[in-house]
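S.K.: need a structure here:
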Amino acid sequence: MKESLFIKLVKNFYGISKPFDEFARDVINDAGNKIAIWLMVYLIISAYALMVLISWFSPMNVVSGLIIADTFVYFIASAYIGRIIRKNKLDRYEFDNEEERKIYSKRFIISRLFMSVLILLLAMYPISTWFRYMGMYESIWPIFIGYFTGNLVAIYMQYCRLFKR
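M.R.: Numbers count the residues shown, from 1 in each chain. Below you'll find the predicted structure:
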């Protein structure tokens, strides 16, 4: 059966390497439903907090803080879904020969680097804007370098766990 574009995106985004069968679909749906419920609660609380805090503090500071809080909530949700995928061993690669292992390892590295750069651009930009607004523009480079270095180390550790025997 040919996979739809949505299934390919879900597998690539979450790092699922096994076939997307009923078990994988149930695991992803269950985790997604839990995240969705918590996100709805967070959105309501943050909307009310935004209305209250904007009357007390500078609107730019409040909105900047909300953007950073949203970024951290995204990281928490991503970490939760990653933990669920690892716990259910949906990220395990099974290959028959050495050639297949090389193909999957190359695809793994390319997809992880692409997602890392995408997250760096989408998640770190609001933080850099906030630092620039606060007058601490030179303080953002250690954060960018630290994030990217830490992410490269995490990708390498995950590569070793999945492909080195």
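S.K.: Spit out the contact partners of A69.
M.R.: Listed by Cβ atoms under 8 Å, 6 or more residues apart in numbering, the contact set of A69 reads S46. C-beta here means a position set from N, CA and C on the backbone, and glycine is covered the same way.
S.K.: now it, what's its secondary structure?
M.R.: Put simply, A69 is helix when judged by DSSP: H, G, I helix; E, B strand; the rest coil.
S.K.: same thing with K106?
M.R.: helix.
S.K.: Neighbours of K18, how many?
M.R.: Neighbourhood size, K18 [other Cβ atoms under 10 Å]: 16.
S.K.: can I assume it is in contact with N88?
M.R.: No. K18 is beyond contact range of N88, at 9.6 Å (criterion: Cβ atoms under 8 Å).
S.K.: residues making contact with stretch 28-46?
M.R.: V10, Y14, I16, L66, A69, D70, V73, A77, Y80, I81, I84.
S.K.: Touching both of K18 and N88, which residues are there?
M.R.: Common contact partners of K18 and N88 (Cβ under 8 Å, 6+ apart): A24.
S.K.: show me the contacts for N12.
M.R.: So, once contact is read as Cβ under 8 Å, 6+ apart, N12 ends up touching S111.
S.K.: So which residue is dead centre in this protein?
M.R.: Nearest to the geometric centre of the chain sits S78, at 4.3 Å (Cα atoms, centre = their mean).
S.K.: pLDDT score for that residue?
M.R.: Here the pLDDT value assigned to S78 is 84.
S.K.: Which helix or which strand is home to it?
M.R.: Under the criterion of DSSP states H and E, S78 resides in helix 59-87.
S.K.: Name the residues of that helix that are buried.
M.R.: Of the residues in helix 59-87, V62, S64, G65, L66, T71, V73, A77, I81, I84, I85 count as buried by neighbour count, 16 or more other Cβ atoms under 10 Å.
S.K.: Nearest to F163 among these?
M.R.: Among those, I85 lies closest to F163 (Cβ to Cβ), at 16.7 Å.
S.K.: For the closest one, which residues are in contact?
M.R.: By Cβ under 8 Å, 6+ apart, the contact list for I85 reads Y14, G15, I16, V27, D91.
S.K.: quick one: low-confidence parts of the protein?
M.R.: Within the chain, the stretches with pLDDT under 70 are 1, 17, 130, 137-139, 165.
S.K.: Please enumerate the helices of it.
M.R.: For the chain, applying DSSP state H gives helices covering 5-14, 22-56, 59-87, 98-133, 140-163.
S.K.: Report the angle between the last one and helix 98-133.
M.R.: This means helix 140-163. 160 degrees (axes from the mean of the first three to the mean of the last three Cα atoms, to 10 degrees).
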